[in-house]
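J.: pasting the sequence and the predicted model now:
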Amino acid sequence: MMARTQGSSGTATFEAIRKAGLRLIYERGYEAMSLRQLASEIGLVQGSLYNHISTKQELLFILISEHMRDLLQHADLALEEAPKPPSGRLAAFVDFHVNYHIDRKREVFISYSELRSLEPKNFEAIVAMRKDYEKKLILILKAGASEGVFTIADPQAVAFGILSMLAGICTWYNPKGRLSRKQISAIFVELVRGAVYDRTSPLVSRPAKGRAGTLV
């Protein structure tokens, strides 16, 4: 268990440790980052870190688990506000996923690239949280398939394919680039919808050309 220093000063110090650790692991990798470097970044002697974290492994687990909890919580909120039909929920999920990954570039990158660095117990806990997130998309796809709106061979395999495609955005998105995040989100929503729609079904409601947020 982590032994955090109590009080506002201790909370502020821990937040500084968390932010510096996130940046250093993102820039240098978990194995290359040392606690001595981390302490130096925030103006502490190395021994003072142990008032807040017990090991470097604990810091990594904190960073990834906090990210996963936020991801799950915000995904639930986005889906609560989404239209009820599966097509609307799928669009809301993709839009949320794209924007969250743009906003949390470092956290997302670390959660993928450093998953292998977690000790077995921590690894299992994070994998369980990832499965909870994947299940949200799988259930949307299953609902669409059962209603005859989506044509997919296997909802789980399709969900994994969609998530793998969407996850890459944190490695290439440029906020100063040619396309805005709104435009990129619209592209991915259309791409995912096109991949799962049964175009022969009268239940399918396709986005109209010229609608706000599309690339026309």
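T.: Yep, it's here. Numbers count the residues shown, from 1 in each chain.
J.: going by C-alpha atoms from here, please, whenever you check contacts or count neighbours.
T.: OK.
J.: chain center to the longest helix along the chain: distance?
T.: Counting by DSSP state H, the longest helix found in the chain is helix 120-146. Centroid separation for helix 120-146 versus its chain: 12 Å, with CA atoms, centre = their mean, to the nearest Å.
J.: rounded mean pLDDT for it, please.
T.: Helix 120-146 shows a mean pLDDT of 96.
J.: for the helix or strand of the chain with the lowest mean pLDDT, name the packing helices and strands.
T.: Lowest by mean pLDDT, DSSP states H and E among the helices and strands of the chain is helix 46-49, with a mean of 80. On a contact count with 3 or more CA pairs under 8 Å, 6 or more residues apart in numbering; DSSP states H and E, helix 46-49 meets helix 35-41.
J.: show residues contacting the helix it packs on.
T.: By CA atoms under 8 Å, 6 or more residues apart in numbering, the surrounding residues in contact with helix 35-41 are 17, 20-21, 24, 45-46, 48-49, 56.
J.: for Pro175, helix, strand, or coil?
T.: Of the three states, Pro175 takes coil under DSSP: H, G, I helix; E, B strand; the rest coil.
J.: give me phi/psi at the closest residue to it other than its chain neighbours?
T.: Leaving aside its sequence neighbours, Pro175 sits nearest to Arg181 (CA to CA, 6 or more residues apart in numbering; 7.5 Å). Main-chain dihedrals, Arg181, degrees, to the nearest 10: phi -60, psi -30.
J.: can we start the residue count at 564 from this point?
T.: Taking 564 as the first residue, the last one we looked at is Arg744.
J.: how many neighbours does Arg744 have?
T.: Applying other CA atoms under 10 Å, we find 18 residues neighbouring Arg744.
J.: can I assume it is in contact with Cys733?
T.: No - counting by CA atoms under 8 Å, Cys733 is not a contact partner of Arg744; they are 11.5 Å apart.
J.: picking up where we left off before, how about the longest helix of the chain: buried residues?
T.: Using 16 or more other CA atoms under 10 Å as the test for burial, helix 683-709 gives 685, 689, 692-693, 696-697, 699-708.
J.: for the protein, which segments count as helices?
T.: Counting by DSSP H, the helices of the chain are 570-591, 598-604, 609-612, 619-643, 649-666, 668-676, 683-709, 718-730, 732-735, 744-759.
J.: which elements pack onto the fifth one?
T.: Right, helix 649-666. Secondary elements touching helix 649-666 (3+ CA pairs under 8 Å, 6+ apart): helix 619-643, helix 683-709, helix 718-730, helix 732-735, helix 744-759.
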